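Novice: Just need the structure, nothing else, for what follows:
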Amino acid sequence: MNINYSLDLSTISRELRLLLEIMKREHEDSIWTLKKELVKDIDWELFLKLANHHRIYPIIYLKIKMIDGNMIPTRVIEILHQKYKENTYHMLRLAAEMEIVSKIFTENHIRLLFLKGPVIAQDMYGDISLRTSKDLDILVPINDISKAEELLLKYGYMREESSMAFDNWRWMTHHVTYFHPQKKVQIEIHWRLHPPPGKEPSFDELWERKRVSTLTTYPVNFFGKEDLFIYLVDHGARHGWFRLRWLVDIDKIIRKRNDKENINLLLKKYLHYNNIGQAFILANKLLNTPIPEEMKSISTGKRTSKLAQFSIFYIVKKGDLEINQYNDKSLNYSNNLMKLNLQKSLVNRYLFSMKSNLQKIFFVLQLLYPSHEDSVILKLPKPLYFLYFPLRPFLWAWRKTRKQSV
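Specialist: This is a model prediction of the structure:
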């Protein structure tokens, strides 16, 4: 079921096209129907790097594990198998820690909702090994942030450095990161779903619509279906969909969707039309995701079409930045650095264009506000913190000069 919009996919590499074709196969057996010209002249090292960059290697492995070695090299399948096993062990560790944290917080009267991780892997894929997750993301009421931190520190977690020395954390950002050095587990505690500003549901609203996961013995709370869908759409759009895993999440939710489920009320309340329209276009054109009938009108606007095309640029360029930087042997280091900075400039320009007018104003204000990095370069006693404001441009220029000279 296609929508009447055609994306320009000419910048997508052969390797990424092959990954997308494999992802489109709904059943493992259909992988045998891949056309041989799709695997002709494939750079298999790049294929593996892209599968890793987009965090889709668990699904890719399961789809190709039984395929003839004449089509896909055995070595490629073996590498994917190893990464699949490593991810399975990691997700099991995260699931165990998720249950422990849920129990600790609940016993200390802190409500928490898990945003991502093993709980949504089980919900959407039916198997935690099929999705990757770097850390655990938890949402708590803003008034419980200090109490939540106290608990995590008590149980061996350490907080990463942040700009909280300036008492600006409530309006400048939306989460704080903690790491357990023995367990090697990272947790992000959120008090907002996304960076400010922006309209979003309150914690109490989300709590009323919560679900309880069947993955663990001790109850683990996570988002209701509509809230999870909108959160994942907004998260993917905010990051330009540079990891295909986020689009695969959307695909899984839509394919499992009950026709009686209706997200229109939440859409009207929180105005997510552009992001959802963009997600539908990308998922449909890249993964053959069927578009619900009532959502087709959202996916045909000029703004959503433009955002979807911008995302193709970002998906390709972000992958280039992470995979190919400094790999061009025909250029010297200086030229490579210049080329890399140009690519970063284009990528950052795209992300800025994604913001609403209010978000753009807030972004500029953030640039003028002192950061933790400023306090590292120039240490001032707290009564003199106000001096960081007029010194901010000079400290920023100093940091940039130092980075370029390294």
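
Novice: If you count contacts, what does the helix or strand residue 286 falls within end up packed against?
Specialist: According to DSSP states H and E, residue 286 maps onto helix 273-287. Identification of packing neighbours for helix 273-287 by 3 or more CB pairs under 8 Å, 6 or more residues apart in numbering; DSSP states H and E yields helix 14-24, helix 225-238, helix 244-256, helix 302-324. Just so you know, the C-beta spots here come from the backbone N, C-alpha and C atoms, and that holds for glycine as well.

Novice: at 10 Å what do you get?
Specialist: Applying 3 or more CB pairs under 10 Å, 6 or more residues apart in numbering; DSSP states H and E, one finds that helix 273-287 makes contact with helix 14-24, helix 225-238, helix 244-256, helix 264-270, helix 302-324.

Novice: Reformat those as a markdown table; add distance to residue 387, mean neighbour count and mean pLDDT.
Specialist: Shown next, in a markdown table, are the helices and strands packed on helix 273-287 (distance: least, CB to CB, whole Å; neighbours: other CB atoms under 10 Å; pLDDT from 0 to 100):
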| stretch | distance to residue 387 | mean neighbour count | mean pLDDT |
| --- | --- | --- | --- |
| helix 14-24 | 49 | 19 | 93 |
| helix 225-238 | 33 | 21 | 90 |
| helix 244-256 | 42 | 21 | 93 |
| helix 264-270 | 40 | 13 | 56 |
| helix 302-324 | 36 | 18 | 84 |
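
Novice: quick one: the biggest helix by length in the chain to chain centroid distance?
Specialist: Longest helix in the chain by number of residues, with DSSP state H as the criterion: helix 74-107. Chain-centre distance of helix 74-107: 17 Å, with CA atoms, centre = their mean, to the nearest Å.

Novice: Residues touching whichever helix or strand comes after that helix, excluding its own?
Specialist: Following helix 74-107 in sequence order, the next helix or strand is strand 113-114 (DSSP H and E). With contacts defined as CB atoms under 10 Å, 6 or more residues apart in numbering, strand 113-114 is touched by 98, 101-102, 119-120, 136-140, 190, 193, 203, 206-207, 209-211, 213, 220-224, 227-228.

Novice: which ones among those are found in strands?
Specialist: Counting by DSSP state E, the contacts of strand 113-114 place 136, 137, 138, 139, 190, 211, 221, 222 in strands.

Novice: if we can go back for a sec, got the angle for the helix holding residue 286 vs helix 225-238?
Specialist: Angle of helix 273-287 versus helix 225-238, following axes from the mean of the first three to the mean of the last three CA atoms, to 10 degrees, is 80 degrees.

Novice: Helix 273-287 to helix 302-324, inter-axis angle?
Specialist: Using the same axes, to 10 degrees: helix 273-287 against helix 302-324 is 60 degrees.

Novice: Which of the residues in helix 273-287 are classified as buried?
Specialist: 273-287 (16 or more other CB atoms under 10 Å).

Novice: which one of these is nearest residue 84?
Specialist: Closest approach between those and residue 84, by CB to CB: residue 287, at 20.1 Å.

Novice: got a list of what the nearest residue to the closest one once chain neighbours are set aside touches?
Specialist: Sequence neighbours aside, residue 251 is the residue nearest to residue 287 in space, at 4.9 Å (criterion: CB to CB, 6 or more residues apart in numbering). By CB under 10 Å, 6+ apart, the contact set of residue 251 is 23-24, 124, 244, 279, 282-284, 286-290.

Novice: Quick check on residue 10: phi, psi?
Specialist: Residue 10 adopts backbone torsions of phi -70, psi -20, taken as degrees, to the nearest 10.
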